[in-house]
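In: sequence and predicted structure are below.
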Amino acid sequence: MSTRSYHHFIGGEVVDGAGRGAIERRSPAGGRLVARYAEGTPDDIDLAVEAARAAFEQGPWPRMSGLQRAEVLNRLADLIRDNRERLARIEVEEVGKPIRFARGDIDGAVGLTRYAASLAMQMAGSVYTNIGAGKTALLTREAVGVVALVTPWNFPALILSQKVPFALAAGCAVVLKPSEFTSGSAFEIAALAAEAGLPAGVFNVVSGYGATVGDHLTAHPGIDFVSFTGSTRTGSRVVANTSRHLVKSSVELGGKSANIVFADADLEAAVDGALMGVFFNNGECCVSGSRLFVQSSIADDFIAKVVERSRRLKVGDPFDEDTDIGALIDEQHLAKVAGLVRTGIEEGAELALGGKVAGGSAGHFHEATIFDRVEPGMTIFREEIFGPVLSVTRFETVEDAVRLANDTAYGLSNYVWSKNIDTVLTVAKRLKSGWVQANTVIDGAPQLPLTGVKGSGFGYEMGQAGFEEFTQLKTLLIHTGPRAPVFPV
Ligand code: TXE
């Protein structure tokens, strides 16, 4: 593909914006210039918020029936599906993820958009008739208004689709700030939404850096809700921004999830789950099962199998259909991952596989890496590495497994492998995370909400709960018939 150039998409128009510069995106897998995104300024954000406000207050979108909004969203889903290969290739170029996972992301985006279309039809409130004679209360559900969405680089199209179609289904108007590393698919999907019949100004995209446009957007007095996905550090900054104007927010942040394997699990499936848990999407995944806990009685054999299979993973060109691990997002991130691996070795964890930067200067590749005998005091047990690095810790009892899994500042997801329903439920109930999956890993469906606890944030993405984030309840209490005076003077 040739180098793509993107300008802001504001009020239904492609606009140059106030900024003069462009952000150049080089492929993390070889350095080729793959895209240029307009470098936004606070003025561009102001324009986009203004366009969204006008579309929300005066435009047709929030006033359309649920059926009409669903029709537009279903057309958007069709268009994303029809452009599957093109969009997947853009994700590969900009993110460095293997092509088969990029195609999965686009399929996920289609599914999320179709599900959001169904929610547009189901947006409803409730009625109380049991609150006293002559009284009826209507709880109506309304669009929350103009929403600011900030997305990260690891799943650009997929995470966008966890937010944008849900906001649109509710009747909101959107200003999206995609990651400065991977803005291409946001502009592509905004153009497809316009083609699907979305009115001008309902979906605006401004590209640029987080510290300038992201910060200005999330602190903007003209927005009604912020949905953010990214690092815990930036997430707390975003919450500080929104609190200035008492704006509601939802922040989905990092994770350090446990993948717990009990001796009575289907061990073949659990080995595959261990690999999927940490090597999916190069390990650049907030719900990755980066801490593997294995029950001692099976540990030696199980870990040997995980190491053996991981050794066969192919690291390299993300466009190669057989590649399992592509390039990391950029040089700084590769250096961070490599630094944490060095720390793991220095602090005494046992390196069982990999441990090195791979591929020379042609790209930001890192070998599949496994550390055994990782202790809770070690840095690699605690810090989100966000790369293909697994830490393995052995445990004896259910009690140990729960204690170790919960010994983290994060609380996004956890995984349990056991054929014993008693073990699964006992452990699942005690794990402190928004998501627990048993005998599967990094699984899901558009209907299932994702949420974090502790350092992983708050608020919901996807599912009915994710949709309701973009809505607001209004309580309408109506009195009919004679009303006894309260001040009969
Ligand atoms: O994230 P940032 P980065 C974790 C992962 C990774 C680390 C750093 O551990 O190594 O975070 O990644 C925008 N106001 N995750 O630096 O900075 C930014 O432009 C408003 C986990 O890329 O959080 C981008 O669009 N916005 C995560 C988005 O925030 C700001 C996915 C995320 O960037 C801003 C990604 C500001 N002041 C990284 N500063 C997950 N939960 O999946 C930056 N941004």
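Out: Here it is on my side, so go on.
In: what about the residue in the stretch 201-350 of the chain positioned nearest to the ligand, how many neighbours?
Out: Closest approach between the stretch 201-350 of the chain and the ligand, counting by CB to the nearest ligand atom: residue 210, at 2.0 Å. Quick note: C-beta positions are derived from backbone N, CA and C, even for glycine. A count of nearby residues for residue 210, using other CB atoms under 10 Å, gives 19.
In: for the residue lying closest to it once chain neighbours are set aside, grab phi and psi.
Out: Taking CB to CB, 6 or more residues apart in numbering, and ignoring the residues beside it in sequence, residue 210 has residue 234 as its nearest neighbour in space, at 6.4 Å. The phi and psi values for residue 234, taken as degrees, to the nearest 10, are phi -70, psi -40.
In: what sits against residue 55?
Out: Residues in contact with residue 55 (CB atoms under 8 Å, 6 or more residues apart in numbering) are 11, 61, 173, 199, 200, 201, 202.
In: follow-up on the earlier one: what's the residue of the stretch 201-350 of the chain closest to the ligand in contact with, if anything?
Out: When contacts are counted by CB under 8 Å, 6+ apart, residue 210 touches 150, 177, 180, 230, 234.
In: quick check: the gap between the most centrally placed residue in the chain and the ligand.
Out: In the chain, the centroid-proximal residue (CA atoms, centre = their mean) is residue 159; its distance is 4.3 Å. Noted for residue 159: a distance of 7 Å to the ligand, by CB to the nearest ligand atom, to the nearest Å.
In: how near is that residue to residue 285?
Out: Residue 159 is 11 Å from residue 285, where distance means CB to CB, to the nearest Å.
In: near the ligand, list only the ones from the contacts of residue 210.
Out: Counting by CB under 6 Å from any ligand atom, 150, 177, 180, 230, 234 from the contacts of residue 210 sit close to the ligand.
In: of those residues, closest to residue 257?
Out: residue 230 (17.1 Å; CB to CB).
In: and the closest one, what does it touch?
Out: When contacts are counted by CB under 8 Å, 6+ apart, residue 230 touches 150, 151, 152, 210, 238, 253.
In: most widely separated two among these?
Out: 210 and 253 (14.1 Å).
In: tell me the residues of the stretch 151-300 of the chain that contact the ligand?
Out: 151-154, 177, 179-180, 210-211, 214-215, 218, 229-231, 234, 237-238, 252-254, 286.
In: ramachandran angles for the residue of the stretch 1-150 of the chain found nearest the ligand?
Out: Distances between the stretch 1-150 of the chain and the ligand by CB to the nearest ligand atom are smallest at residue 150, namely 4.7 Å. Dihedral pair for residue 150: phi -120, psi 130, per degrees, to the nearest 10.
In: how many neighbours does it have?
Out: There are 26 residues near residue 150, going by other CB under 10 Å.
In: bridging residues for it?
Out: residue 177, residue 228 (DSSP bridges).
In: what sits against it?
Out: 176, 177, 210, 214, 217, 218, 226, 227, 228, 229, 230, 238.
In: can I get these in JSON lines including pLDDT and distance to residue 192?
Out: As requested, those are arranged in JSON lines below (pLDDT from 0 to 100; distance: CB to CB, whole Å):
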{"residue": "176", "pLDDT": "99", "distance to residue 192": "14"}
{"residue": "177", "pLDDT": "98", "distance to residue 192": "19"}
{"residue": "210", "pLDDT": "98", "distance to residue 192": "25"}
{"residue": "214", "pLDDT": "98", "distance to residue 192": "24"}
{"residue": "217", "pLDDT": "98", "distance to residue 192": "22"}
{"residue": "218", "pLDDT": "98", "distance to residue 192": "26"}
{"residue": "226", "pLDDT": "98", "distance to residue 192": "24"}
{"residue": "227", "pLDDT": "98", "distance to residue 192": "20"}
{"residue": "228", "pLDDT": "98", "distance to residue 192": "24"}
{"residue": "229", "pLDDT": "98", "distance to residue 192": "21"}
{"residue": "230", "pLDDT": "98", "distance to residue 192": "24"}
{"residue": "238", "pLDDT": "98", "distance to residue 192": "27"}
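In: quick one: low-confidence residue ranges for the protein.
Out: Counting by pLDDT under 70, the chain has low-confidence residues at 19, 360-361.
In: can you give the domain ranges for it?
Out: Domain ranges of the chain: 4-253+452-475, 258-438, per automatic domain parsing.
In: which helix or which strand is home to the closest residue to residue 105 other than its chain neighbours?
Out: Leaving aside its chain neighbours, residue 105 sits nearest to residue 158 (4.3 Å; criterion: CB to CB, 6+ apart). Residue 158 belongs to helix 156-170 when assigned by DSSP states H and E.
In: so how far is that helix from its chain's centroid?
Out: Mean-position distance between helix 156-170 and its chain equals 10 Å (CA atoms, centre = their mean, to the nearest Å).
In: that one - contacts with which helices or strands?
Out: Applying 3 or more CB pairs under 8 Å, 6 or more residues apart in numbering; DSSP states H and E, we find helix 156-170 packed against helix 66-82, helix 84-95, helix 99-122, strand 146-150, strand 173-177, helix 184-195, strand 225-229, helix 463-468.
In: recalculate using a threshold of 6 Å.
Out: The elements that helix 156-170 packs onto, with contact taken as 3 or more CB pairs under 6 Å, 6 or more residues apart in numbering; DSSP states H and E, are helix 99-122, helix 184-195.
In: now it - C-alpha only, CSV.
Out: This file holds the C-alpha atoms of helix 156-170, laid out as CSV (Å, rounded to 0.1, in the frame of the first residue of the first chain):
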residue,chain,number,x,y,z
PRO,A,156,-7.5,0.7,17.0
ALA,A,157,-10.6,-0.4,15.0
LEU,A,158,-11.8,-2.8,17.7
ILE,A,159,-11.6,-0.5,20.7
LEU,A,160,-13.1,2.3,18.6
SER,A,161,-16.0,-0.2,17.9
GLN,A,162,-16.4,-0.8,21.6
LYS,A,163,-17.3,2.9,22.0
VAL,A,164,-18.4,4.7,18.8
PRO,A,165,-21.4,2.5,17.6
PHE,A,166,-22.7,2.3,21.2
ALA,A,167,-22.6,6.1,21.5
LEU,A,168,-24.2,6.5,18.1
ALA,A,169,-26.9,3.9,19.0
ALA,A,170,-27.9,6.1,22.0
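In: can you give me the buried ones in that helix?
Out: Going by neighbour count (16 or more other CB atoms under 10 Å), the buried part of helix 156-170 is 156-170.
In: what does it rub up against?
Out: 73, 105, 108-109, 112-113, 116, 119-120, 143, 147, 149, 151, 174, 182, 185-186, 227, 229, 461-462, 466-467, 470-471 (CB atoms under 6 Å, 6 or more residues apart in numbering).
In: cheers, nothing more for now.
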